[in-house]
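A.B. asks: Dropping the sequence and predicted coords here.
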Amino acid sequence: MSVDARQSLLCWYAVDKRRLPWRAEAGERADPYRVWLSEIMLQQTTVAAVKPYFERFTTKWPDVGALAAADEADVMREWAGLGYYARARNLVACARVVAGDHGGRFPDSEAALLKLPGIGRYTAAAIAAIAFGRRAVVIDGNVERVVSRLYAIATPLPAARAEIRARTDALTPDEGAGDFAQAMMDLGATICTPRRPACAICPLRPHCAAFHEGDPERYPVKPPKAARPRRTGTAFWLEHDGHVLLVRRPASGLLGGMLALPTESPAQAKWTDAGAVDHVFTHFALTMTLSCARVDARPEGLWWPIERIGEAGLPTLFARLAERGLAWREAAAQAA
DNA sequence: CAAACGTGGAT
DNA sequence: TATCCAAGTTT
């Protein structure tokens, strides 16, 4: 049954696989740099969101040596808006290890890849299989969903992971593990979707225990999620001579390493309330109010030209607050 | 092992 | 509007 299911999947993939910028054409060799970069960007991030970033990154930094030589601040700026910013810091760190310790070539074993910054169990297996043709058991959210349905695994996550791994291992071929993994992920992304899966056109339907039970959407069984708390905060828009004061956030923690508006008062000034921005993070919702002021003296700090604020590489929360700052500025100019 | 860590699109 | 969720990793 496993072999039949695998063959059905691979035949479907041969015809219906997605064409993606980081994917090699049939018969072509995948570029480990592009595979790695795409895998990092795709962590918890949709293909549609990744595409323009992948295009810009590979244009600006065509290979791992170029990325290793880049200024970290430039990389953070290019990553702005994509989220999970620790990935960008780890991206640079990883490129530098590969350039410095591995002669500019990615290691081709799962174990060696796993030691690199930002590469965990999934990504190490994916790169080993897709870029280097190694046999590796590749398990992401798609594979978890497809396998838990295929075998109607009723154990809730995360306890089900041991069985999912064993089942995926049994399905994974000795040759072509990369195509198999990508086929599973394409199936999960386009047919075996979380909601309203398209079982009518699924190549695995004849083999799928969840389909035969009649309610595939029930799998994988997930634990209830914790409620998302709401928090409040204040950001400060301080102007001087056509420039606005920015800060570099600490390397770790929320929006770590990114440029931002100050979130503590940077100066004595006549602050004006310029409204608020609601922003939802994974683990809490935030209402951040914006206080604006103009000063004649110029405190020490990073002053960014206001007309080029769009190029600063602010994460989305602060980009939205900056929009408010610009609106405040317009209103102040009208009044004057 | 649970919690921290972003964002935008779909329902 | 509220909730879910997308090619996870780190602490």
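C.D. replies: Everything's here; your move.
A.B. asks: which secondary structure element contains the nearest residue to A:Gly325 once chain neighbours are set aside?
C.D. replies: In this structure, A:Gly325 finds its nearest non-sequential neighbour in A:Trp237, 3.7 Å apart by CB to CB, 6 or more residues apart in numbering. Where C-beta positions appear, they are placed from N, C-alpha and C, glycine not excepted. Secondary structure from DSSP states H and E places A:Trp237 in strand A:230-240.
A.B. asks: before we move on, the earlier item: report the beta-bridge partner residues of the residue nearest to A:Gly325.
C.D. replies: Per DSSP bridges, the residues bridged to A:Trp237 are A:Cys292.
A.B. asks: Can you give me the buried ones in stretch A:6-25?
C.D. replies: Residues A:6, A:8-10, A:12-13, A:17, A:22-23 are the ones in stretch A:6-25 that count as buried (16 or more other CB atoms under 10 Å).
A.B. asks: out of those, which are inside strands?
C.D. replies: Taking DSSP state E, every one of the buried residues of stretch A:6-25 sits outside strands.
A.B. asks: Please list which of the residues you listed are also close to DNA strand B.
C.D. replies: Among those, no residue is within reach of DNA strand B (CB under 7 Å from any atom of the strand).
A.B. asks: Could you identify the helix or strand that succeeds the strand holding A:Trp237?
C.D. replies: strand A:243-248.
A.B. asks: starting at the chain centroid, how far to the helix or strand that that following strand is followed by?
C.D. replies: Following strand A:243-248 in sequence order, the next helix or strand is strand A:259-260 (DSSP H and E). Put simply, strand A:259-260 sits 19 Å off its chain's centre (CA atoms, centre = their mean, to the nearest Å).
A.B. asks: residues in contact with strand A:259-260?
C.D. replies: Residues outside strand A:259-260 that contact it (CB atoms under 8 Å, 6 or more residues apart in numbering) are A:73, A:76-77, A:80, A:235, A:246-249, A:302, A:304, A:312-315, A:318.
A.B. asks: Spell out which parts of chain A neighbour DNA strand B.
C.D. replies: Selection of chain A residues close to DNA strand B by CB under 7 Å from any atom of the strand yields A:44-46, A:48-49, A:81-86, A:158, A:195-196, A:226, A:253-256, A:279-283, A:315-317.
A.B. asks: Assign A:Asp278 to helix, strand or coil.
C.D. replies: strand (DSSP: H, G, I helix; E, B strand; the rest coil).
A.B. asks: which residues touch it?
C.D. replies: A:285-287.
A.B. asks: Counting by contacts, list what the stretch of helix or strand A:Leu290 belongs to packs against.
C.D. replies: In this structure, A:Leu290 is located in strand A:285-294 according to DSSP H and E. In terms of contacts (3 or more CB pairs under 8 Å, 6 or more residues apart in numbering; DSSP states H and E), strand A:285-294 is packed against strand A:230-240, strand A:272-280, helix A:316-335.
A.B. asks: give me the number of residues near A:Glu28?
C.D. replies: Using other CB atoms under 10 Å, A:Glu28 is surrounded by 8 other residues.
A.B. asks: right, I mislabeled it, should have said A:Asp186
C.D. replies: Going by other CB under 10 Å, the residues that sit close to A:Asp186 add up to 19.
A.B. asks: How is it assigned, secondary-structure-wise?
C.D. replies: Secondary structure, three-state DSSP: A:Asp186 is helix.
A.B. asks: The residue nearest to A:Gly325 against A:Thr289, yeah?
C.D. replies: No - using CB atoms under 8 Å, A:Trp237 is not in contact with A:Thr289, being 10.9 Å away.
A.B. asks: Give me the more crowded residue out of those two.
C.D. replies: Set A:Trp237 next to A:Thr289 and count neighbours by other CB under 10 Å: A:Trp237 wins out with 25 against 16.
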